[in-house]
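Student: One predicted model, sequence on top.
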Amino acid sequence: MWTTAPEADEEDVDRAVRAVRAAFDEGPWGTMTGTERARLMRRLADLLAENAQELATVESTDNGKLLREMGGQLGALAEWYYYFAGAADKIQGETIPSDKPNFFVYTRREPIGVVGAIVPWNSPLLLLTFKLAPALAAGCTVVVKPAEQTPASILEFAKLFEEAGFPPGVVNVITGFGEEAGRPLVRHPGVDKVAFTGSTQTGIAVMKDAADHLAKVSLELGGKSPNIVFDDADLEATNNGVVSGIFAATGQTCIAGSRLFVHERAHDELVERLLEKAGTIKLGDPLEMETEMGPVAFEEQLDKVQSYIEVGRQEGAELVYGGKRPETEQLKDGYFIEPTIFTRVNNDMRVAREEIFGPVLSVIPFESEEELIKQANDTSYGLAAGIWTRDIQKAHRVAHTLRAGTVWVNTYRTLSFNTPFGGYKMSGMGRENGLESLKDYTQVKSVWVELSGQTRDPFKLG
Ligand code: NAI
Ligand code: MG
């Protein structure tokens, strides 16, 4: 054990929500202009950039994610706050030309209020930032509930708010378990909106609980994303894209390209290249810069990944690479699992239908574009998809047909603060990032002003 965190219960959650509610209803935050909020956000971003290396090390130590990846991620994180700081004083309503004489009608885009932000363990600071940056820009206040496995980086980050000069209570962190801390937060009547990232199963429970007091909900949930390779693709670039889609972050990402659809004419060559590449992936200490794949985050994840490898075998998929825990002296006691590749997978198998959240790739061959699209869309999820082809018409045609919130063409796993991100179907609702995300943290008020100064017939509508 390297650190400890408090285990909040319902009473702690209530205190946290009251403090954040007061900051919204009574504190100076609620009367600040967007320009003033932006100033604070930029200061926070400066501090985040200054502390990026330390925060990256804390997060990497907490969840085993590569420092190599975290360095880049946290360096970029400040950009989220700069971008949304820039948006904070541009959140505006409109004037509406009235259909009736003598009225002035306009709208205001107002903050939704108190947000409960619940995040998982795989990328705590990044996934929190997806919520926090637009929420602060919009003028909301936020109670954050990190995952019980990985509270450390968020607690460290929270210290920067005071230093940046935010009024007390604008952001509050409660650490604890899902049932004891997360659930009371969702159910709290003082919470106006819940922004959740995690499993689809918990997302459904969150939405049901939020419904009891009609809190708004945005959900970023699981995925079983298709990565699609046509026979005219550049197989070298494709190979790297496939590896980044499933082995980067040890496969523990919601956007993992876990179903690899390959045209039968490209199949054998791509699989051969993949095997070669998988053989060179360097497993090791996530804090060392040359490591390419770290361990999975905790024991339950290791058990889960291993059990799916067994399921794949029993379903008749062919295990062509990996599938075991490495046996070297350095790695055998960690939660390491080899990069794992199954071929001859059928889209109906459980390994092709259920989110494994680990470095396990299912390769599915296809013959025609029509059959491919049917299969790629035959999933309960719809978070992301990749397309690899040199044919520009095919690329756009297929991109438009896929039921997914993000489609990458000849790339995979790229994200930005300015580009909307979110799921179709059971991958969630609402969008994070981009100006689009501000809609999830604001609500529209219409103001009608009578201009004639005369009295009107009380029994006639409008
Ligand atoms: P989870 O969805 O249960 O946990 C995510 C967050 O929700 C944590 O902060 C947790 O404390 C909180 N939570 C749990 N139950 C809650 C409830 N009833 N009300 C409010 N908050 C609650 O995910 P978990 O259990 O960590 O992982 C299970 C599986 O979910 C993973 O193996 C993976 O397949 C998937 N997962 C997917 C993620 C994604 O980004 N798509 C992220 C994390 C997990
Ligand atoms: Mg859970």
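Tutor: Here it is on my side, so go on. Residues are numbered from 1 along each chain as shown. Ligands and ions are numbered 1, 2, ... in the order given.
Student: Show me where the chain has its helices.
Tutor: 10-25, 34-50, 52-63, 67-88, 124-138, 152-164, 183-187, 200-211, 235-246, 264-280, 299-315, 350-353, 369-377, 392-401 (DSSP state H).
Student: TSV for those, including distance to residue 146?
Tutor: Using the backbone N, CA and C atoms, a C-beta is placed for each residue, glycine as well. Below are these laid out as TSV (distance: least, Cβ to Cβ, whole Å):
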stretch	distance to residue 146
helix 10-25	13
helix 34-50	16
helix 52-63	10
helix 67-88	15
helix 124-138	6
helix 152-164	4
helix 183-187	12
helix 200-211	14
helix 235-246	26
helix 264-280	33
helix 299-315	17
helix 350-353	30
helix 369-377	34
helix 392-401	35
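Student: got a pLDDT number for the residue nearest the centre of the chain?
Tutor: Centroid-nearest residue in the chain, with Cα atoms, centre = their mean: residue 127, separated by 5.1 Å. pLDDT for residue 127: 97.
Student: cool, and the one 4 residues further on?
Tutor: Looking at residue 131, its pLDDT stands at 98.
Student: Next, the contact list for it, please.
Tutor: 115, 117, 119, 142, 195, 197, 432 (Cβ atoms under 8 Å, 6 or more residues apart in numbering).
Student: Select only the buried ones of those residues in ChimeraX?
Tutor: This is the ChimeraX syntax for the buried subset of the contacts of residue 131, where burial follows 16 or more other Cβ atoms under 10 Å:
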select :115,117,119,142,195,197,432
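Student: and which of the contacts of residue 131 is nearest residue 338?
Tutor: residue 197 (27.6 Å; Cβ to Cβ).
Student: Please name the bridge partners of the spatially closest residue to that closest one that is not a sequence neighbour.
Tutor: The spatially closest residue to residue 197, leaving aside those adjacent along the chain, is residue 220, at 4.2 Å (Cβ to Cβ, 6 or more residues apart in numbering). Note on residue 220: beta-bridge partners residue 197, residue 428, judged by DSSP bridges.
Student: So residue 220 versus ligand 1, what's the distance?
Tutor: In this view, residue 220 and ligand 1 are 6 Å apart by Cβ to the nearest ligand atom, to the nearest Å.
Student: residues in this protein within reach of ligand 1, list them.
Tutor: Contact residues (Cβ under 6 Å from any ligand atom) of the chain with ligand 1: 118-122, 145, 147-148, 177-179, 182-183, 186, 197-199, 202, 205-206, 221-222, 254, 301, 304, 355, 357.
Student: I'd like to know which of those residues are buried.
Tutor: Using 16+ other Cβ under 10 Å, the buried ones in these are 118-122, 145, 147-148, 178, 182-183, 186, 197-199, 202, 205-206, 221-222, 254, 301, 355, 357.
Student: What are the neighbouring residues in contact with the residue nearest to residue 197?
Tutor: Here residue 220 is in contact with 127, 130, 196-198, 254, 421-423, 427-428, 430, 432 (criterion: Cβ under 8 Å, 6+ apart).
Student: what about residue 337, how many neighbours?
Tutor: 26 (other Cβ atoms under 10 Å).
Student: what's the answer for residue 149, then?
Tutor: Residue 149: 17 neighbours (other Cβ under 10 Å).
Student: now residue 225
Tutor: Using other Cβ under 10 Å: residue 225 sits among 32 other residues.
Student: Likewise for residue 294?
Tutor: 26.
Student: quick one: which of the contacts of residue 131 is nearest residue 391?
Tutor: Nearest member of the contacts of residue 131 to residue 391, counting by Cβ to Cβ, is residue 432, at 31.3 Å.
Student: Make sure that closest one is actually in contact with residue 128.
Tutor: No. In this structure, residue 432 is not within contact of residue 128 by Cβ atoms under 8 Å, at 10.8 Å.
Student: sorry, back to before: can I assume the residue nearest to the centre of the chain is in contact with residue 120?
Tutor: Yes. The criterion here is Cβ under 8 Å, and residue 127 meets it with residue 120 at 6.6 Å.
Student: Between these two, which contacts overlap?
Tutor: Contacts common to residue 127 and residue 120, judged by Cβ under 8 Å, 6+ apart, are residue 197.
Student: measure the residue in the stretch 1-150 of the chain that ligand 1 sits nearest to to residue 359 for me?
Tutor: Minimum separation of the stretch 1-150 of the chain from ligand 1 (Cβ to the nearest ligand atom) falls at residue 120, amounting to 3.3 Å. Residue 120 sits 18 Å away from residue 359, going by Cβ to Cβ, to the nearest Å.
Student: again with residue 20
Tutor: In terms of Cβ to Cβ, residue 20 sits 38 Å off from residue 359.
Student: same deal with residue 9?
Tutor: For residue 9 relative to residue 359 (Cβ to Cβ), the value is 36 Å.
Student: neighbour-wise, which of the two wins?
Tutor: It is residue 359, of residue 9 and residue 359, that has more neighbours when counted by other Cβ under 10 Å, with 28 against 14.
Student: Find the nearest non-adjacent residue to the more buried one, please.
Tutor: Going by Cβ to Cβ, 6+ apart, residue 359 has residue 251 as its nearest residue, at 3.8 Å.
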